[in-house]
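K.L.:
Need a 3D model of the following:
(chains A, B and C)
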Amino acid sequence: MSWLMIALPLLGAFILLVFNRFTNRWGHLLGVVMSLASFAVAVLAFVELLGLGEDQRRQAVTLYEFIPSMKLNMGLLVDPLSISFALLITGVGSLIHIYSIGYMSHDPDRRRFFSYLNLFVAAMLLLVLSDNYVGLFIGWEGVGLASYLLIGFWQFKPSAAVAAKKAFVVNRVGDFGLLVGMFVIWTSFGSLAFKDLGAEQIGTASNGTLTAIGLLLLLGACGKSAQLPLQSWLLDAMEGPTPVSALIHAATMVTAGVYLVVRSGVFFEASDVASLVVTIVGVATLLAGAIIGCAKDDIKKGLAGSTMSQIGYMMLGAGLGPAGYAFAIAHLIAHGFFKADMFLGAGSVMHGMNDEVDMRKYGGLRKYMPVTFATFIVGYLAIIGFPFLSGFYTKDGIIETAMEHGAWMGWLAVLGAGITGFYMSRMIFMTFFGEKRWDKDAHPHESPSVMTVPLILLSIGSIVLGYFLIMDNRLMHFLAPAVGMPEHVPVPHLFSTTTVGLSTLALVAVGAAIAWMKYGRAQVPAVQPRGSFLTTFARRDLYGDALNESLFMRPGQWLTRIAVYFDNRGIDGLVNGLAAGIGGSSGRLRRLQTGFARTYALSILIGAALLTGALLLVGNI
Amino acid sequence: MGETITFWVLAVVSVGAALSMVFNRKAVYSALMLGTVMLCLAVLYAVQDAPFLAAVQIIVYTGAVMMLFLFVLMLVGVDSSDSLVETLRGQRFWAIIAGVGFAALVILAVGNAIFAPQTGLAMATGQGGYIRSIALLLFTKYVFAFEITSALLITAALAAMVLAHRERTTKKATQKDLSKARFLGDRPSPLPGPGTYATGNAIDMPALLPDGSVAESSVNRYIARYDVEHGHLPEDPKLAEAIKHRAEEESK
Amino acid sequence: MTTHYLILSGLLFAIGAMGVLIRRNAIVVFMCVELMLNACNLAFVTFARQVGNLEGQIIAFFVMVVAAAEVVVGLAIIVTIFRTRRSASVDDANLLKY
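P.N.:
Numbers count the residues shown, from 1 in each chain, chains lettered A, B, ... in the order given. From the prediction side, this is the model:
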């Protein structure tokens, strides 16, 4: 049954792509129906799973023999972890499908857009539902393809085409890590199925092998989840249509890395080095993303920086072992809702502002699009961790768990939360408050209900999900059959009064206050000011692109040039030189053939004389 | 003693004749010198107990082969003498070096060799005399070689006929055809002879036509060129111009 | 005496060889070749007497026959070439080259 979850959107994509123009009129509806049907199947599977005992909540569905020589069966694994993701993907995905009907209504290629969305949903479901690394990898590449196609959806824009290419290339680096990691797993344990890779089975391997596997898988996760050092593609990926940014580059696909780390938890639990590196990457990325988010005037790029930062939190949680998994997944699900909410809100703003993305040209929009404003505010409060909203529970859970593992990472995460408070407030103040800084031809208006209803649903999720998942450790108990329970189970409070929780709230408040001073009370300049060194640093994405260019691109180009030069001069020179040398010497040697018989006769006589002399010398005459 | 005198006289004569054959500009003289060398050699054969070969040398070489040479010389042009200017760079120098070196090496080799006293042909010709012995060898031991030489000679004769034969591809022109061709050409009349109406009748003096103009075609082109090259031009500028023009016409 | 004859033979041979190399007239070149052949014949005859064997003379005889045949063919070739090129110079027939 659960294979229908994947098959339905795949069928939708197939129909839309194969019968392309003939489906133009109803293609978007088919896409939505397929996505909703997939959601329905996921809900059914979820209910079915809940009905089972805890020890039976790993339902393997064998589909067919995939690679017999590797004893690899293509199969699905329906367990609490995968079904959580499946619900998120199909649920948020369906809402974004519906939203896209309105958002893309003026686009002549709407049907193609929906076919790619369906393809993405199918691939993402394969990624999370597969019961082995090979199936996961196929889904992994599938979402990479969908991401590429959707970032470059408006491929007539050179910037979009370049951004798509960049995302593809950077993801290849991560895929390389994942592939090599799979190779190592295969050679070490002889299987790529999750069920064969339990803690007992991998216990035999050396610590070095486990660390290598962990780091390689982490590389793959970094590529897909835009973690340092492979973060550079995510900000450029905002060239795609906004629903794409919401679905793929905020809610679902970029969290695949977190899924991979959690799914491969056994390797990280077995290797302290690997799990430490995961937390370091998470902390570094959550700070980097937050700093980038502070300086961006493009609303989508600001949200993209925020996405990086939030995934950094998840990565940090995922690196903390079973205690962190539940918080990471909870944050992931909550983030899927509130970030999708805000991205779609941003899309709604852009929809009303002639696709303007520069926040310096917004201002005072709260009166013109009240629903968008309200839902955006909910998302905003959720992400900064306003008490009782979902971010408050999930993020604070990660911070508390990190604090238990190491004070430095905990306090850095707290600092990140403070910065989050600053940049999200800045976004709110610049967009919805202050005076109007619009272009003359802008006529802001509320979006149609097909766009606002998904926003409302997402904001409801943003409000309640955190409380629902964290209270009574619901998610932790639910996930336990898949990822295990921590030794020390935390006790969630409705309102935590620990030092960490209070200081987090205080820092967030300080950040928000600074943002109000700079962007709420003060006038926002319509033209970007020059800014300090730090601002420029953040605007340039922490010089990530410059670093990549100077570290990889330029040396690569030099290497290519050297290789070309060597090929032209060295190899070709040797070959051509040899030929030219032989040709040239032959050209000179042939001059000996003068055509004069007397010359030839002379050489014969000289030869005869020399021969006679030689015979005389050796005394044979 | 008689043989020694004969040898030295003939040796000097034959070497001198050979050298003069090589260095003589006229091919006919060379042929005569070669004939001299061959006659000398014939005598030397005779002296060395080879009367049969001496006879064959005179009959075949001096008689037939040399006649053939002279015959071909006549065909090719007996009056032309060759230029002895060497055109190939270094050819003569190296030829002389190689020739002299080769001769020196042979002399060195032969001069250093110590020969036993001559055996003489007395033993070989003991039974039945010289001619009989030669015939015996030729028709017994060397009979196949002898027969093959006959085939060779026949082949050579055939080859000479084939090579020297020229196939006529067009009908031979009759006097009628020639006169027709002449009247169809641009000049039916004979060319004017040189010197006509001119102040002189030398062969390189262009004719003057009755109207006083110069007839360039009256002077042979080769003679005109010779005059131009050697500066033998008439004093009259008009005539000189005509000769120059004629010479240029030739060189085209 | 044998030495003297052989030296004479070698001298004549060398003179003939030099003639072949120096002269351009094909007919004279041919004469020089004949001179070389004759020099060889003298050596054969001399050696025949030296070793007391008639076979040297027989070989000389065969050389003469072959030389006669060669002259016939060679001269025919010279006539043919002369007919087409109006020249008996061996240097003019130099088309077969680089």
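
K.L.:
what does chain C put close to chain A?
P.N.:
C:17, C:20-21, C:24, C:90-91, C:93-98 (Cβ under 8 Å from any Cβ of the partner chain). All C-beta atoms are positioned from the backbone trio N, CA, C, and that covers glycine.

K.L.:
Next step: those residues restricted to helices.
P.N.:
C:17, C:20-21 (DSSP state H).

K.L.:
May I see the buried residues of stretch A:524-543?
P.N.:
Neighbour-count burial for stretch A:524-543 flags A:524, A:538-539, A:541-542 (criterion: 16 or more other Cβ atoms under 10 Å in any protein chain shown).

K.L.:
hmm, who's touching that stretch?
P.N.:
A:231-232, A:235, A:288, A:291-292, A:294-297, A:360-361, A:363, A:429-430, A:434, A:437, A:546 (Cβ atoms under 8 Å, 6 or more residues apart in numbering or on different chains).

K.L.:
Ends of it, what's the gap?
P.N.:
Its first and final residues considered, stretch A:524-543 spans 26 Å by Cα to Cα, to the nearest Å.

K.L.:
hmm, back to that, which ones among the residues of chain C next to chain A also lie next to chain B?
P.N.:
C:17, C:21, C:24, C:91.

K.L.:
Buried among those residues? Need that as a selection in PyMOL.
P.N.:
In PyMOL, this line selects whichever of those come out buried by 16+ other Cβ under 10 Å:
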select buried, chain C and resi 17+21+24+91
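
K.L.:
In the chain, where is pLDDT below threshold?
P.N.:
In the absence of a named chain, this looks at chain A. Scanning chain A for pLDDT under 70 picks out A:620-621.

K.L.:
could you do chain B instead?
P.N.:
Checking chain B against pLDDT under 70 turns up B:78-81, B:250-252.

K.L.:
Recalculate using a threshold of 90.
P.N.:
Residue ranges of chain B with pLDDT under 90: B:1-3, B:23-28, B:48-50, B:60-65, B:68, B:71-92, B:106-138, B:161-173, B:177-252.

K.L.:
for the closest residue to A:Gly319 other than its chain neighbours, what are its contacts?
P.N.:
Closest residue to A:Gly319 apart from its sequence neighbours, by Cβ to Cβ, 6 or more residues apart in numbering or on different chains: A:Val278 at 3.1 Å. Neighbouring residues of A:Val278 by Cβ under 8 Å, 6+ apart: A:214, A:218, A:261, A:268, A:315-316, A:318-319.

K.L.:
Could you point out which of those is nearest to chain C?
P.N.:
The nearest member of those to chain C, counting by Cβ to the nearest Cβ, is A:Leu218 at 71.2 Å.

K.L.:
So what's the residue count around the closest one?
P.N.:
By the criterion of other Cβ atoms under 10 Å in any protein chain shown, A:Leu218 has 30 neighbours.

K.L.:
any idea which element it lies in?
P.N.:
helix A:207-225 (DSSP states H and E).

K.L.:
And that helix, what's buried?
P.N.:
A:209-225.

K.L.:
so how far is it off the chain centroid?
P.N.:
15 Å (Cα atoms, centre = their mean, to the nearest Å).

K.L.:
Quick check: next helix or strand after it?
P.N.:
Next along the chain from helix A:207-225, counting by DSSP H and E, comes helix A:232-236.

K.L.:
Report all helices and strands that that next one contacts.
P.N.:
helix A:158-189, helix A:299-318, helix A:544-548 (3 or more Cβ pairs under 8 Å, 6 or more residues apart in numbering or on different chains; DSSP states H and E).

K.L.:
ok, now which ones touch the residue of the stretch 101-250 of chain A found nearest chain B?
P.N.:
Relative to chain B, the nearest point of the stretch 101-250 of chain A is A:Val169 (68.9 Å; Cβ to the nearest Cβ). Contacts for A:Val169 (Cβ under 8 Å, 6+ apart) come out as A:Trp233.

K.L.:
on that earlier part again, in terms of model confidence, name the weakest of the ones next to chain B among the residues of chain C next to chain A.
P.N.:
Minimum pLDDT for those is recorded at C:Asp91 (83).

K.L.:
Report the separation between that residue and C:Tyr98.
P.N.:
16 Å (Cβ to Cβ, to the nearest Å).

K.L.:
What is the burial count for residue 19?
P.N.:
Going with chain A. Residues near A:Phe19, counting by other Cβ under 10 Å: 12.

K.L.:
The chain in question should be chain C.
P.N.:
25.

K.L.:
Next: A:Phe495.
P.N.:
11.

K.L.:
got it, and A:Val162?
P.N.:
Neighbours around A:Val162, by other Cβ under 10 Å: 14.

K.L.:
Any idea how many residues pack against the closest residue to it other than its chain neighbours?
P.N.:
Take A:Val162 and drop its neighbours on the chain: the residue closest to it by Cβ to Cβ, 6+ apart is A:Asp236, 7.5 Å away. Using other Cβ under 10 Å, A:Asp236 has 22 neighbouring residues.
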